[in-house]
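[1] sequence and computational prediction follow.
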Amino acid sequence: MSEKSCQKFRPTMEDVAREAGVSLSTVDRVLNVRANVRADTAQRIAAAAAQLGFHAKSVIEHRILNDRPTIRLGFLLQKSGVAFYQGLAQALSNAAATCAGARIQVAIGYLDDLDPATVAQRIMALRQQVDGLGVVAVDHPVVREAVAKLRDGGVSVVALISELSTAAGAGYVGVDNRLMGRTAGWFITRLAAPGAAAVMVSSQRFQCQELCEFSFRSYLADQSGDWELLASRLTLENDEFAYGNTMDLLAGEPDLVGLYIAGGGSAGVVRALREHKVQQARLPVVICHDLTPLTREALKGGLVQAILSHPVESVAAQAVSALVEGVKYGSMGVAARVMLPIQLNVPESL
């Protein structure tokens, strides 16, 4: 092929603009740094340039890489020893590392002490250290006040998994916990005959667990049949406490037909169910949250009949995206609620 033919088929800026679905001037702004271009638009242009073999694609990629702002994101999760939060921490780190819109410096901490005053202190301690904060916390006045102070100081805040009341002014990324509780009720009413059912929560201070519990009870109350809703049991996010309370429940309610684990302490509950099974006692239908190595084995072993999970990877990606957008365009920009679909697992889906 002649040099003239090669030049004829060499991709141009017009070709890149057409492939990316943008104007020629937008490609020019990215290539020559003439003005700011949205991160997602710049990424689309870079992808088009790479696909077409545009001669200046490396220049575009370099511009995008070096024009990204550096943003400090902090995350405060619950209980460091819980597999779910370990998985969420890894997903947040991955989402931060692959974020196209910014260079992210990420710091992840855990709230092993659930006392609201301690949680508020941990939040306030990050006031000058982060540009955006994602937090899983109890919905308590002192916690809401701490979050509001951060937002007043220009720090974007997103509540993960469990919402905070409107007064906190934080955004939310997670599932619809009303649907979570009603879905648990649907499973139990389909898998068990009418009878006594109970809910286990770690603390009703978590808005997510309060909504799950209330919605579960509401669903069962609407069903035909003689469903008896027992008083809820606490786990306090403590496996030993959860174990003891589960053993007490199973011993005191031998006719229990349904159990919904809406909070932490799953290892303790599963241990009690396993011991109960060894004694050849009848087990209730059990629905729990979040697929982890522990709950997977419980599902495979017949101790649990269904698992309702938060989509961890999506939670992490949406949280990082919301915080970055909030930092770049103003902290009030993250006050929207991002609702994600519930993931369902039953024995046949593993």
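    That came through, no problem. Note that the structure is predicted; figures quoted are calculated from it, not measured.
[2] list the contacts for residue 79?
    85, 110-112, 237, 264 (Cβ atoms under 8 Å, 6 or more residues apart in numbering). Glycine gets a C-beta too; all of them are placed from N, C-alpha and C.
[3] just the buried subset of those residues, written out for ChimeraX, thanks.
    The following ChimeraX selection, which keeps only the buried ones among the contacts of residue 79, applies the criterion 16 or more other Cβ atoms under 10 Å:
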select :85,110,111,237,264
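[4] could you list the low-confidence segments of the stretch 1-150 of the chain?
    Regions of the stretch 1-150 of the chain meeting the criterion pLDDT under 70 cover residues 1-9, 33-36, 39, 59-68.
[5] where do the helices sit along it?
    Under the criterion DSSP state H, counting those that start in this stretch, the stretch 1-150 of the chain carries helices at the ranges 3-8, 13-20, 24-32, 39-52, 57-67, 83-97, 116-125, 141-152.
[6] could you do the stretch 151-300 of the chain as well?
    With helices called from DSSP H, counting those that start in this stretch, the stretch 151-300 of the chain shows them at 177-191, 207-221, 239-252, 266-278, 293-300.
[7] okay, the ones you listed in CSV with mean neighbour count and mean pLDDT next?
    As requested, those are arranged in CSV below (neighbours: other Cβ atoms under 10 Å; pLDDT from 0 to 100):
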stretch, mean neighbour count, mean pLDDT
helix 177-191, 21, 98
helix 207-221, 21, 96
helix 239-252, 18, 95
helix 266-278, 20, 95
helix 293-300, 17, 96
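[8] so for residue 343, which of those sits nearest?
    Ranking the helices of the stretch 151-300 of the chain by proximity to residue 343 (Cβ to Cβ) places helix 177-191 first, at 10.7 Å.
[9] next, the angle from the closest one to helix 207-221.
    Relative orientation of helix 177-191 versus helix 207-221 (axes from the mean of the first three to the mean of the last three Cα atoms, to 10 degrees): 40 degrees.
[10] ok, residues contacting helix 177-191?
    Residues from elsewhere that reach helix 177-191 (Cβ under 8 Å, 6+ apart): 162-163, 197, 207-209, 211-220, 223, 225, 227, 257-258, 260, 262, 285, 287, 289, 305-306, 308, 342, 344.
[11] can you name the next helix or strand after the lengthiest helix in the chain?
    Ranked by residue count under DSSP state H, the longest helix found in the chain is helix 312-329. Stepping forward along the backbone from helix 312-329, the first helix or strand reached (DSSP states H and E) is strand 337-340.
[12] paired strands for that next one, with orientation please.
    Strand 337-340 has these partner strands in its sheet, going by DSSP bridges: strand 171-175 (parallel).
[13] now do the strand it pairs with against helix 141-152, angle only.
    Angle of strand 171-175 versus helix 141-152, following the same axes, to 10 degrees, is 120 degrees.
[14] so for strand 171-175, mean pLDDT?
    Here the mean pLDDT over strand 171-175 is 96, rounded to a whole number.
[15] need the residues that contact it.
    Contacting residues not belonging to strand 171-175 are listed as 134, 156-164, 208, 310-311, 315, 318-319, 322, 326, 334-342 [Cβ under 8 Å, 6+ apart].
[16] quick one, which of those are buried?
    Buried among these (16+ other Cβ under 10 Å): 134, 156-164, 208, 310-311, 315, 318-319, 322, 326, 334-335, 338, 340, 342.
[17] now find how far off-centre stretch 338-350 is within its chain.
    Computed by Cα atoms, centre = their mean, to the nearest Å, the chain-centroid distance of stretch 338-350 equals 13 Å.
[18] how about that stretch as PDB, C-alpha atoms only?
    Backbone C-alpha positions of stretch 338-350 (Å, rounded to 0.1, in the frame of the first residue of the first chain) are rendered in PDB as follows:
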ATOM      1  CA  VAL A 338     -29.100   5.000  45.300                       C
ATOM      2  CA  MET A 339     -31.200   1.800  45.600                       C
ATOM      3  CA  LEU A 340     -29.700  -1.400  44.400                       C
ATOM      4  CA  PRO A 341     -31.300  -4.800  43.700                       C
ATOM      5  CA  ILE A 342     -31.200  -7.500  46.300                       C
ATOM      6  CA  GLN A 343     -29.200 -10.600  45.400                       C
ATOM      7  CA  LEU A 344     -30.900 -13.900  46.200                       C
ATOM      8  CA  ASN A 345     -29.200 -17.200  46.800                       C
ATOM      9  CA  VAL A 346     -30.900 -20.600  47.500                       C
ATOM     10  CA  PRO A 347     -29.100 -24.000  47.600                       C
ATOM     11  CA  GLU A 348     -29.700 -24.700  43.900                       C
ATOM     12  CA  SER A 349     -28.100 -21.400  42.900                       C
ATOM     13  CA  LEU A 350     -24.700 -22.100  44.400                       C
END
